[in-house]
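*Asks:* generate coordinates for the sequence data below:
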Amino acid sequence: MPRTKSSHRCVDCGADHAKWAGRCSACGAWATVVEVPDPVVGGGPVGDRTAVPFHEVAATVRPVMPTGLAELDRALGGGLVPGSVTLVGGEPGIGKSTLLLQLAASVSGTGSRVLYVSAEESAAQLRRRADRLGLALENVWVQPETQLSRVVEVVAELSPELLLVDSVQTVAAPHVTSAPGSVTQVRESAQMLVDAAKQRSMATVLTGHVTKDGNLAGPRTLEHVVDTVLEFEGDRHQRLRFLRAAKHRFGATGEPGVLEMTGQGLEPVADPSGMFLADRQVDAPGSVVVPAVDGQRPLLVEMQALVAPSRAVTPRRATRGVDAGRLSMLLAVLERRCGLRVLAAEVYASIVGGVRIVEPGTDLGLALAVASAVCDRPVPHDIVVCGEVGLAGELRQVSQLGRRLDEAARLGFRAAIVPATVGDLGGRLGLRRASSVAEAMVAAGLGGALRSAA
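*Replies:* Modelled structure (predicted):
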């Protein structure tokens, strides 16, 4: 007979202990360590799980339920899969509840039954938001509830095609004694919702809080339990929002959905590149347009840099949408390989529009933006730049360069500064090839900075 073992675990932080203790050594909480049984080992296979040759496995394609929200469907690879569990994480006030409400209205409009579990807001608050957004929720049931046992009962009664839970940190499993939001509670609550979704082939969407570092709050097992993790990003003080799939068991990840927060809710952005460049000031020093790629989607973004004298021992570096470590590396390359005196100056760098791009294809654009700010001369407004910068100051090719330049040509740009190893792309842009950052500066009309530095 298999033996059932037991261990001890903190109900607040989930830390395991070899024996009972009055105080948790991990989080310091008192009287939170309880005895829990370990899973039975050696119980044998459950159900019919015999091994089969790989070539005999049926390659079935699971059906997809379109959400009716174009940018959400883009991030999900077509829509929600019945029986799947999707976790949407984002900062407070970013628009997660608005997204769920619009999702409920869109799916219910197709005749599907939707259950909206609101553990943070009352039904009256949801009704006022729906009226303000002009949403029709004819086939949507609202349950203001924090106890998951009652939620499961209503799910059994209604049999909805879509379950929305806002949020997973505020609901509680009845068999767990810790408070809602604790590590143990979040893990067990998520597992109950996953079990209900799988048993009923019910698409489920949860919202989750994030920490100050931008990571999902709660245990890491929460991300492993669900099928899809959507990151809802953006600055609450700006209009644009970005949806990215950090994990997706039914499709590719990294394809962004771009939304705009308006008075009527979240609206899809058909041309994000045009929106990013709409307010661009041409012929401004320190401004460079870079064709980036987010997932499979080409985006034209404006990179800006400002260089100012500093008397501090450690000059300030401030970034927004730019990786700070990458900026420090490029500043060292500019000083060592190009002779620009930038390490002793304050440097500010940002990507306009609230978007964050960390791919290496933006290296050359950031380097030329800093060089343009140093010599106070603009880069020609009809030029885009693209390339990865190495520590020797050399330029390297980047992926999907043809798609990047096609997007630039569509918006009226005439030339592109690219690495010298790039072949003939047959596009509509004139290519200015450069093998190093110094040569790229000359191609951008910033050669005077090199001469003054020498």
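*Asks:* going forward, measure contacts between C-alpha atoms and count neighbours the same way
*Replies:* Fine.
*Asks:* which residues are contacting the helix ranked longest in the chain?
*Replies:* Across the chain, the helix with the greatest residue count (assigned by DSSP state H) is helix 183-200. Residues outside helix 183-200 that contact it (C-alpha atoms under 8 Å, 6 or more residues apart in numbering) are 11-14, 83-85, 148, 152, 159, 168-169, 171-173, 176, 178-180, 202-204, 218-219, 221-222, 225-226.
*Asks:* roughly how far out does that helix sit from the chain middle?
*Replies:* How far helix 183-200 lies from its chain's middle: 23 Å, per C-alpha atoms, centre = their mean, to the nearest Å.
*Asks:* after that helix, heading C-terminal, what element do we hit next?
*Replies:* As assigned by DSSP states H and E, the chain's next helix or strand after helix 183-200 is strand 203-208.
*Asks:* what's in contact with that next one?
*Replies:* Strand 203-208 is touched from outside by 80-90, 96, 161-169, 193, 197, 216-217, with contacts defined as C-alpha under 8 Å, 6+ apart.
*Asks:* please flag which of these sit within strands.
*Replies:* If you go by DSSP state E, the contacts of strand 203-208 have 85-89, 162-166 in strands.
*Asks:* quick check: which of the residues you listed has the minimum pLDDT.
*Replies:* Among these, Gly89 carries the lowest pLDDT, at 90.
*Asks:* my guess is that one meets Phe232, correct?
*Replies:* Yes. Counting by C-alpha atoms under 8 Å, a contact exists between Gly89 and Phe232, whose distance comes to 5.8 Å.
*Asks:* which residues do these two both contact?
*Replies:* Lys96.
*Asks:* okay, those two: which has more neighbours?
*Replies:* More crowded of Gly89 and Phe232, by other C-alpha atoms under 10 Å: Gly89, with 25 against 22.
*Asks:* give me the nearest residue to the more buried one, chain neighbours excluded.
*Replies:* Leaving aside its chain neighbours, Gly89 sits nearest to Gly208 (4.7 Å; criterion: C-alpha to C-alpha, 6 or more residues apart in numbering).
*Asks:* for Pro380, same thing?
*Replies:* Using C-alpha to C-alpha, 6+ apart, the nearest residue to Pro380 is Asp283, at 6.5 Å.
*Asks:* Asp376 too?
*Replies:* Asp376's closest residue in space is Pro285 (C-alpha to C-alpha, 6+ apart), at 5.4 Å.
*Asks:* OK, contacts around the one you found?
*Replies:* With C-alpha under 8 Å, 6+ apart, Pro285 has these contacts: 369, 372-373, 376-379.
*Asks:* go again with 10 Å.
*Replies:* Neighbour list for Pro285: 304-306, 369-380 [criterion: C-alpha atoms under 10 Å, 6 or more residues apart in numbering].
*Asks:* which residues of the stretch 101-250 of the chain fall in strands?
*Replies:* In the stretch 101-250 of the chain, the segments counted as strands under DSSP state E, counting those that start in this stretch are 114-118, 140-143, 162-166, 203-208, 228-233, 240-248.
*Asks:* present those strands as a markdown table; the columns should include distance to Pro419.
*Replies:* Formatted as a markdown table, the strands of the stretch 101-250 of the chain follow (distance: least, C-alpha to C-alpha, whole Å):
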| stretch | distance to Pro419 |
| --- | --- |
| strand 114-118 | 52 |
| strand 140-143 | 55 |
| strand 162-166 | 48 |
| strand 203-208 | 42 |
| strand 228-233 | 32 |
| strand 240-248 | 29 |
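*Asks:* pLDDT below threshold where in the stretch 201-350 of the chain?
*Replies:* Scanning the stretch 201-350 of the chain with the threshold set as pLDDT under 70 gives 211-221.
*Asks:* that one: helices as residue ranges?
*Replies:* Assigned by DSSP state H, counting those that start in this stretch, the helices in the stretch 201-350 of the chain fall at 221-225, 272-276, 324-338.
*Asks:* turn these into a markdown table, columns for distance to Glu188.
*Replies:* Converted to a markdown table, the helices of the stretch 201-350 of the chain look like this (distance: least, C-alpha to C-alpha, whole Å):
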| stretch | distance to Glu188 |
| --- | --- |
| helix 221-225 | 9 |
| helix 272-276 | 40 |
| helix 324-338 | 38 |
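*Asks:* can you give me the angle the longest helix of the chain makes with strand 203-208?
*Replies:* Counting by axes from the mean of the first three to the mean of the last three C-alpha atoms, to 10 degrees, helix 183-200 lies at 170 degrees to strand 203-208.
*Asks:* quick one: end-to-end distance for stretch 223-239.
*Replies:* From its first residue to its last, stretch 223-239 covers 28 Å (C-alpha to C-alpha, to the nearest Å).
*Asks:* cool, stretch 89-98 as well?
*Replies:* Start-to-end, stretch 89-98 (C-alpha to C-alpha) is 13 Å.
*Asks:* buried stuff in it?
*Replies:* If you call a residue buried by 16 or more other C-alpha atoms under 10 Å, then stretch 89-98 has these buried ones: 89-91, 94-98.
*Asks:* among these, which are in helices?
*Replies:* Per DSSP H, those map to helices at 96-98.
*Asks:* top of the contacts of Pro285 by number of neighbours, please.
*Replies:* Neighbour max across the contacts of Pro285 (other C-alpha under 10 Å) = Ala371, 33 neighbours.
*Asks:* enumerate every residue touching that one.
*Replies:* Ala371 neighbours (C-alpha under 10 Å, 6+ apart): 285-287, 305-307, 331, 334, 338, 340-342, 365, 377-379, 437-438, 441, 446-447, 449-450.
*Asks:* any quick PyMOL command for the buried ones out of the residues you listed?
*Replies:* To isolate in PyMOL the members of the contacts of Ala371 that are buried, counting by 16+ other C-alpha under 10 Å, one can use:
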select buried, resi 285+286+287+305+306+307+331+334+338+340+342+365+377+378+379+437+438+441+446+447+449+450
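*Asks:* and His248, how far from Leu76?
*Replies:* Taken as C-alpha to C-alpha, the span from His248 to Leu76 is 8 Å.
*Asks:* more crowded one of the two?
*Replies:* Using other C-alpha under 10 Å as the criterion, His248 and Leu76 rank with Leu76 on top: 31 against 18.
*Asks:* now that one. Nearest residue, chain neighbours left out?
*Replies:* Counting by C-alpha to C-alpha, 6+ apart, Leu76 lies nearest to Ala245, which is 7.0 Å off, once chain neighbours are set aside.
*Asks:* who does the longest strand seen in the chain touch, helix- and strand-wise?
*Replies:* Looking across the chain with DSSP E, the single longest strand is strand 297-308. If contacts are counted by 3 or more C-alpha pairs under 10 Å, 6 or more residues apart in numbering; DSSP states H and E, strand 297-308 sits against helix 272-276, strand 287-294, strand 317-320, strand 346-351, helix 363-375, strand 383-385, helix 401-410.
*Asks:* of all the ones in helices among the buried residues of stretch 89-98, which comes closest to Ser399?
*Replies:* Distance to Ser399 across those (C-alpha to C-alpha) is lowest for Lys96, with 32.7 Å.
*Asks:* alright, I will stop here.
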